[in-house]
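1. Build me a model:
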Amino acid sequence: RAAPLIRGAPARSRPRRRVARAAQGPLPEALAAAPQLHQQPAVGEIASIGADIAPAAEAVLGPFFAIMSVAFITRIVMSWDPNIKDETMPWLFAVLPTEPIMAPLRKAVPPVGGVDVSPIIGVAVVSFLNEILLGPQGILKLLQR
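-> Residues are numbered from 1 along each chain as shown. The predicted model follows:
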């Protein structure tokens, strides 16, 4: 029977703990002396980087979201007329930028009552991203403060 762990108990009745010893030799010493290459930046440094990039990102994303919104609204209007051919030139300006987004949406969301709702979902997604990134309390606006 093992002796209970009591403060005054003899050393031989206490359970022995194995302590891992630090490796000794040239490699651990070299690692300890080497500068840390993967140090995490401070939160303030990340915020300052974001504040520097935010105006440029806003200048690019603002017009991009506006063009995509117009293109999706054009696609909504195009879906009302079955005689409009997507591959003809004036309509191609709305089809080319929106089709990479609408093709997966069509697979995920079936037509409702025979109406393709993927352009409506596309407008909603673009508007949501515009508000989250560029709105009055958007991420890019907050980074600039």
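2. what about F128, neighbour count?
-> By other CB atoms under 10 Å, the residues close to F128 number 11. Where C-beta positions appear, they are placed from N, C-alpha and C, glycine not excepted.
3. please renumber so the chain begins at 704
-> Got it, first residue is 704 now, which makes that one F831.
4. Quickly find the element holding it.
-> Take DSSP states H and E as the rule and F831 turns out to sit in helix 821-837.
5. What is that helix packed up against?
-> The helices and strands touching helix 821-837, judged by 3 or more CB pairs under 8 Å, 6 or more residues apart in numbering; DSSP states H and E, are helix 746-781, helix 792-811, helix 842-847.
6. Please point out which parts of it sit buried.
-> Within helix 821-837, the residues that qualify as buried are 821-826, 829, 832-833, 836-837, counting by 16 or more other CB atoms under 10 Å.
7. okay, and for this protein, where does confidence drop off?
-> 704-752 (pLDDT under 70).
8. circling back: mind checking the helices and strands packed on helix 821-837 for the one nearest to G817?
-> helix 792-811 (13.4 Å; CB to CB).
9. Now tell me what touches that closest one from outside.
-> 770-771, 773-775, 777-778, 781, 787-790, 819, 821-822, 824-825, 828 (CB atoms under 8 Å, 6 or more residues apart in numbering).
10. Whichever of those residues end up buried, select them in ChimeraX.
-> To isolate the buried members of the contacts of helix 792-811 in ChimeraX, using 16+ other CB under 10 Å:
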select :771,774,775,777,778,781,819,821,822,824,825
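11. Tell me how far F831 lies from L799.
-> Distance of F831 to L799, given as CB to CB, to the nearest Å: 22 Å.
12. circling back: now the helix holding F831 and helix 746-781, what's the angle there?
-> Calculated by axes from the mean of the first three to the mean of the last three CA atoms, to 10 degrees, helix 821-837 forms an angle of 150 degrees with helix 746-781.
13. Please put the alpha-carbon coordinates of helix 821-837 into CSV.
-> Extracted in CSV, the C-alpha atoms of helix 821-837 (Å, rounded to 0.1, in the frame of the first residue of the first chain):
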residue,chain,number,x,y,z
SER,A,821,-29.9,35.1,-57.9
PRO,A,822,-29.5,38.8,-59.2
ILE,A,823,-31.6,40.0,-56.2
ILE,A,824,-29.3,38.0,-53.8
GLY,A,825,-26.3,39.4,-55.6
VAL,A,826,-27.5,43.0,-55.1
ALA,A,827,-28.1,42.2,-51.4
VAL,A,828,-24.6,40.7,-51.0
VAL,A,829,-22.9,43.7,-52.7
SER,A,830,-24.9,46.2,-50.7
PHE,A,831,-24.1,44.3,-47.5
LEU,A,832,-20.4,44.3,-48.3
ASN,A,833,-20.5,48.0,-49.2
GLU,A,834,-22.1,48.9,-45.9
ILE,A,835,-19.8,46.7,-43.8
LEU,A,836,-16.6,48.0,-45.4
LEU,A,837,-17.5,51.5,-46.6
